[in-house]
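Engineer: coordinates for the following, if possible.
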Amino acid sequence: MSDMRLIVAGAGGRMGRTLIRAINETPGAVLAGALEAPGSELLGQDSGVLAGLPANGIELSADLWALSKNADGILDFTVPAATIANVAIAAQRGIVHVIGTTGLSGSDNAVIKSVTSQAIVVQSGNMSLGVNLLAALVKQVAKSLDEDFDIEVIEMHHKLKVDAPSGTAYLLGQAAADGRGIPLEDRSVRARDGYTGERNRGDIGFATLRGGTVTGDHTVLFAGPYERIELTHKAEDRMIFARGALKAALWARGKSPGFYTMSDVLGIGT
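Structural biologist: Numbering: from 1, shown residues only. Down below sits the predicted model:
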């Protein structure tokens, strides 16, 4: 089979540049296009040079329709509005759409799932192998322990991150809720301030920390009577997310249209 031709969305950003470097290092994948937001001062610049590589002749463009004409997939770690715009074009082209964008709303996710009758979508709040294995463990622990054990999801990221809690925190919170058989949206506590009263039995709490250059730290804490269980993942480099996204794209190539997650890619149940 020929190399998979991939477009990187948000190619001028930190994650976009990491994805370009990852494609350059991955057998079976080739960069087919570099997408950036309309009006960006980076449009027209060489994507290889921006990523710290030799010039590759692929300039940053804002025209996904043109870029996708000869592409097999798109790797999308951007912002919600951009991802939703990209979803429609990826669906029309029938190409693989790997979505690592966080901060998506319920209506955004509904739009994404609405196109999966014609598009192949792989979406996850975190593309790393370790985090998805952690989610599987969280679900199992939550299923095994009753509500005498309170669940808290604690995350920290660099000071430039704009959404909170992180997509990974939601992923882990959802795994805990699935293990308990409860709806996360009804039982999550996203903030505490002032006189809050006692903690409600069975709630899943979230705590968000921001500062420095932290790539991503996540801990799920099960606090029971006189004992605690802590499951932790610490990311040291964005390359783990890029490699996971590439694994997802290569896995999804040739699959039937539908909605997939990293659990499908890795063959693990969460």
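Engineer: wait, what's in contact with Gly205?
Structural biologist: For Gly205, the contacting residues are Asp150, Ile151, Glu152, Val153, Ser188, Val189, Arg192, Arg199, by CB atoms under 8 Å, 6 or more residues apart in numbering. (Each C-beta comes from the backbone N, C-alpha and C, glycine too.)
Engineer: okay, now Ser2: neighbour count?
Structural biologist: Residues near Ser2, counting by other CB atoms under 10 Å, number 7.
Engineer: could you do Ala223 as well?
Structural biologist: If you count neighbours by other CB under 10 Å, Ala223 ends up with 16.
Engineer: what ranges do the strands span in the protein?
Structural biologist: Counting by DSSP state E, the chain has strands at residues 4-9, 29-35, 60-61, 73-76, 96-99, 120-123, 150-157, 188-189, 204-210, 216-224, 227-235, 258-260.
Engineer: ok, back up a step: tell me the one of the contacts of Gly205 nearest Leu246?
Structural biologist: Ranked by distance to Leu246 (CB to CB), these are led by Val153 at 27.1 Å.
Engineer: would you mind measuring from that closest one to Leu172?
Structural biologist: Relative to Leu172, Val153 is positioned 5 Å away (CB to CB, to the nearest Å).
Engineer: list the contacts of the nearest residue to Gly57 once chain neighbours are set aside.
Structural biologist: Excluding the flanking residues, the one nearest Gly57 by CB to CB, 6 or more residues apart in numbering is Asp46, at 7.0 Å. Contact partners of Asp46, counting by CB under 8 Å, 6+ apart, are Ala55, Asn56, Gly57, Ile58, Glu59.
Engineer: just grab the bridge partners of the last one for me.
Structural biologist: Translated: Glu59. In this entry, Glu59 is beta-bridged to Asp46, by DSSP bridges.
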